[in-house]
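> Sharing a model prediction with you, sequence too.
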Amino acid sequence: MCMEVECIFCAIVKKQVPAKIVYEDEFTLAFLDVRPRSKGMTILVPKQHFENFDENPELSLKVFSSASTISERIKKALQPTAVTISLMPSEVKHFHLRIYPYYKDEVPLIESQPKEMKESELEAVAEKIRQARVEEKPKVEKKEEVKRTEEDILWIKRELELA
């Protein structure tokens, strides 16, 4: 968990600041942006505080995996035209991804004005995303690395020269 009291995302993770949480697991938390560029725009953070994804590659992989799950839930719940994931610098110095649903004739650019949404609308969107269930994707198994002897390497090189 985060030790930086000043970080708003850490406060949300600790549930000290209210948020429309749409997804949570052991390592990550996702909540609706209060100033969304599109309906259902979601912020995904690791529960542990760090600023850049390369400071904790293992946890960052879990964040990206959660982003895939959340994107699928948003697609199922809100039927956008597309969903994109953004990793951009921010005034909040806590690593996070922004998940943007796109709708017809609407591109949620950072320059776009935030959408005005009532508390009840945000809650309705959050509930749709929370309730959307998607099939678990099979985990990719890492193939065992083949160990080759010097002799194997020589034979492979020889075969390549003949080809």
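That came in fine, so what should we check first? Residues are numbered from 1 along each chain as shown.

> Name every strand pairing with the helix or strand harbouring residue 44 and say which way it goes.
Assigning secondary structure by DSSP states H and E places residue 44 in strand 42-46. Partner strands for strand 42-46, per DSSP bridges, with pairing direction: strand 28-32 (antiparallel), strand 97-102 (antiparallel).

> Please enumerate residues in contact with the shortest one?
It refers to strand 28-32. 12-13, 19-24, 40-47, 62-63, 66, 70, 99, 122, 125-126, 129 (Cβ atoms under 8 Å, 6 or more residues apart in numbering). (Glycine included, C-beta is placed from N, CA and C.)

> Which parts of the chain are helices?
Using DSSP state H, the helices found in the chain span residues 8-13, 57-78, 119-131, 150-162.

> quick check: angle from the second one to strand 97-102?
Our comparison of helix 57-78 with strand 97-102, counting by axes from the mean of the first three to the mean of the last three Cα atoms, to 10 degrees, yields an angle of 20 degrees.

> could you check the angle helix 119-131 makes with helix 57-78?
110 degrees.

> buried sites along helix 57-78?
59-60, 62-63, 66-67, 69-75, 77-78 (16 or more other Cβ atoms under 10 Å).

> Dihedrals phi and psi, the closest residue to residue 106 other than its chain neighbours?
The shortest distance from residue 106 to any non-neighbouring residue, by Cβ to Cβ, 6 or more residues apart in numbering, is to residue 38 (6.2 Å). Torsion angles at residue 38 (phi, psi; degrees, to the nearest 10) stand at phi -150, psi 160.

> Quick check: residue 38 touching residue 102?
Yes - taking contacts as Cβ atoms under 8 Å, residue 38 lies within contact range of residue 102: 6.6 Å.

> Of these two, give the one with the bigger neighbour count.
residue 38 (21 against 15; other Cβ atoms under 10 Å).

> Next up, the contacts around the more buried one.
80, 100-103, 106, 108, 115.

> For the closest residue to residue 130 other than its chain neighbours, list the residues it contacts.
Closest residue in space to residue 130, ignoring its immediate chain neighbours: residue 22 at 5.5 Å, by Cβ to Cβ, 6+ apart. Going by Cβ under 8 Å, 6+ apart, residue 22 touches 30-32, 42, 70, 73, 126, 129-130.

> Show me the two of those that sit farthest apart.
Maximum pairwise distance in the contacts of residue 22, criterion Cβ to Cβ, is 13.2 Å, between 31 and 73.

> Show the pLDDT at the most centrally placed residue in the chain.
Central residue of the chain (Cα atoms, centre = their mean): residue 67, 2.7 Å from the mean position. Residue 67 carries a pLDDT score of 95 in this model.
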